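Chemist: sequence plus the predicted model coming up.
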Amino acid sequence: MNLEASAVAAEAQWNDTDTSHIEMSDLAGPFEGPEKLLELWFAPSVLALPECEGMATHGAPVGRVGLRRVPRSTWESMLDLVHCKTLSVLTSTEVDAYLLSESSMFVYPHKIVLKTCGTTTLLLGLDRLLRIAKTALFDDDSVQYGSSVSSTTLAEAMEHDVDPKQLGAHVYRCFYSRKSFMFPEKQKGPHRDWMLETELLDRYFENGAAYTVGKMNGDHWLLYMSTNSTHVPMRSLGTDITLEILMTDLSERGRKHFVFDVLPDGSTVLPNGKAPDVGAALDHGHALGKALSHELRLSSLFPQTQLDAFGFDPCGYSANALVPAAPGRAAGYWTVHVTPEHGSSYASFETNIPLDFDMPDAEEHSAEHVSHVQTLVQCVVDIFEPGSFTLTLFVSADEGDDVSPALQLAGYHKSDRILYEFEGYNLLFLSFLRTA
């Protein structure tokens, strides 16, 4: 089999939808910034997928395999249930990064990360998502390696009754989390209440566990986890990390970055008065996002970054970035979402790029790019200047591993520090308040 030719064909099959025009009036910054975050693993690694069984462990699959074989239109039909639209898609050899009207989705061959804000109904897309994954990964034996999954086959799979627990049984790890909402009464469906969200997840997953981390009468973070004990331990994969910085009450200077000026002719420009360079390949929203990313130096946090950013009219900003592997560091992504409205301002930064946990030395402080948790967090809060923020660091670890960085941030003092130890994972939860 010619794997290179197969990869080219699969790429053409996957991108089976036209980028439709999206009315900017429909995308004005959502009032509820804090996101709902769902991460589902269907195998501990790409090579553990049924499709890739027998491949050399030192080799990497070529082209589209696993969940990345699912046509883009099929994912977008699932996102319709969540009430999100695709703005654009950034692709690499490992992942497809969907920039959405309300946040982001990352599709790997063996896992998917879906993050949505506002009044989106993320968990109402769960059943469809699990059916798509079951069909693409475990049922579709007739599809050749690297070719696209038939849209007809996927559509037929949506029509049959399947016990929720059977769908959930194909999931290796499930993580669902969110910060406490600013306006919980305006949420829809199960998202009106944490117990309703938990009950829905329990329909699909055995041994699910729900946690509340932090002050019940203040900022807190909610987590649901489920583990499929029939799979090998997660720690055999090496380090898996998710770092979230969830920021509220941005300073006036921090908010102004993301509120755009409208000229008499109706065009939108950066707060500094500069018009973005639209160019041949970008619409105005993407040009605005790209220019702002460079101005704030977000695009240079890590080397060789692929960036996809969008500036919303009249305010708001979203970005996905893919960072390739480097010596001693695996590939990963980061994503930023900002709603800068006065009185309910919010910004989030999330990444799965492996970082050093120890305190950086003088060389790190002067380096062009970041490599330590401490340096990254300081860079992010310096941009947004939040009045308060919570940090969650979720990282795989063998028993006894120390994955708890001693963060000391200029201009902030620590109000909470909570450490959870789960099987194969540690969770660090920190709260900070601005001191000046």
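Modeler: Nice, thanks for sending it over.

Chemist: averaged pLDDT, stretch 126-143. What do you get?
Modeler: If you average the pLDDT over stretch 126-143, you get 87.

Chemist: then stretch 275-284?
Modeler: The model assigns stretch 275-284 a mean pLDDT of 72.

Chemist: measure that stretch end to end?
Modeler: End-to-end span of stretch 275-284 (C-alpha to C-alpha, to the nearest Å): 10 Å.

Chemist: how about stretch 296-310?
Modeler: Distance across stretch 296-310, first residue to last, is 14 Å (C-alpha to C-alpha).

Chemist: same deal with stretch 294-305?
Modeler: Distance across stretch 294-305, first residue to last, is 12 Å (C-alpha to C-alpha).

Chemist: quick one: distance of it to the chain centre.
Modeler: Chain-centre distance of stretch 294-305: 18 Å, with C-alpha atoms, centre = their mean, to the nearest Å.

Chemist: same thing with stretch 332-344?
Modeler: The answer for stretch 332-344 is 12 Å, by C-alpha atoms, centre = their mean.

Chemist: low pLDDT regions in the stretch 101-250 of the chain?
Modeler: Per-residue confidence for the stretch 101-250 of the chain (pLDDT under 70) gives these ranges: 140-146, 229-238.

Chemist: quick one, what contacts Gln378?
Modeler: By C-beta atoms under 8 Å, 6 or more residues apart in numbering, the residues touching Gln378 are 409-410. Heads up, the C-betas are built off the backbone N, CA and C, glycines and all.

Chemist: so how many other residues sit close to the residue lying closest to Asp240 once chain neighbours are set aside?
Modeler: Spatially, and ignoring its direct neighbours in sequence, Asp240 is nearest to Ser396 (4.2 Å; C-beta to C-beta, 6 or more residues apart in numbering). By other C-beta atoms under 10 Å, the residues close to Ser396 number 20.

Chemist: please renumber the chain so that the first residue is 12 from this point on.
Modeler: Sure thing, new numbering starts at 12, so read that last one as Ser407.

Chemist: tell me the phi and psi of Ser407?
Modeler: Ser407 has phi and psi values of phi -70, psi 140 when expressed as degrees, to the nearest 10.

Chemist: any idea how many residues pack against Val182?
Modeler: Counted with other C-beta under 10 Å, the neighbours of Val182 add up to 22.

Chemist: so what does it look like in phi/psi?
Modeler: According to degrees, to the nearest 10, Val182 has phi -90, psi 130.

Chemist: show me what contacts it?
Modeler: Here Val182 is in contact with 51-53, 141, 144, 215-216, 237, 239 (C-beta under 8 Å, 6+ apart).

Chemist: between the residues you listed, which has the most around it?
Modeler: Ranked by neighbour count (other C-beta under 10 Å), the contacts of Val182 have Phe53 at the top, with 26 neighbours.

Chemist: next, Glu210: phi, psi?
Modeler: Torsion angles, degrees, to the nearest 10, at Glu210: phi -60, psi -40.

Chemist: surely it is in contact with Pro201?
Modeler: Yes - counting by C-beta atoms under 8 Å, Glu210 does reach Pro201; the two are 7.5 Å apart.

Chemist: who does Thr346 form a beta bridge with?
Modeler: Counting by DSSP bridges, Thr346 forms beta bridges with Asn331, Glu361.

Chemist: which elements pack onto the helix or strand hosting His348?
Modeler: Using DSSP states H and E, His348 sits in strand 343-350. With contacts defined as 3 or more C-beta pairs under 8 Å, 6 or more residues apart in numbering; DSSP states H and E, strand 343-350 has these neighbours: strand 114-118, strand 328-334, strand 357-362.

Chemist: give me the more crowded residue out of Glu210 and Pro201.
Modeler: Taking other C-beta under 10 Å, Glu210 and Pro201 do not tie; Pro201 has more neighbours (19 against 13).

Chemist: that one contacts Leu134, doesn't it?
Modeler: Yes - between Pro201 and Leu134 there is a contact under C-beta under 8 Å: 5.4 Å.

Chemist: any common contacting residues for the two?
Modeler: 208, 211.

Chemist: tell me how far Glu432 lies from Leu438.
Modeler: Glu432 sits at a distance of 8 Å from Leu438 (criterion: C-beta to C-beta, to the nearest Å).

Chemist: check Leu281 too.
Modeler: Following C-beta to C-beta, the distance that separates Leu281 from Leu438 is 38 Å.

Chemist: between these two, which one's more packed in?
Modeler: Higher neighbour count among Leu281 and Leu438: Leu438, with 21 against 16, using other C-beta under 10 Å.

Chemist: sticking with the more buried one, tell me its helix or strand.
Modeler: Going by DSSP H and E, Leu438 is in strand 436-445.

Chemist: using CSV, list the CA coordinates for that strand.
Modeler: Taking C-alpha atoms only, strand 436-445 is exported to CSV below (Å, rounded to 0.1, in the frame of the first residue of the first chain):
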residue,chain,number,x,y,z
TYR,A,436,-2.9,11.6,38.0
ASN,A,437,-2.3,14.5,40.3
LEU,A,438,-4.4,17.6,40.4
LEU,A,439,-3.1,21.0,41.7
PHE,A,440,-5.7,23.7,42.2
LEU,A,441,-4.5,27.3,43.0
SER,A,442,-6.4,30.5,43.5
PHE,A,443,-4.7,33.9,43.2
LEU,A,444,-5.7,37.5,44.0
ARG,A,445,-4.1,40.7,42.6
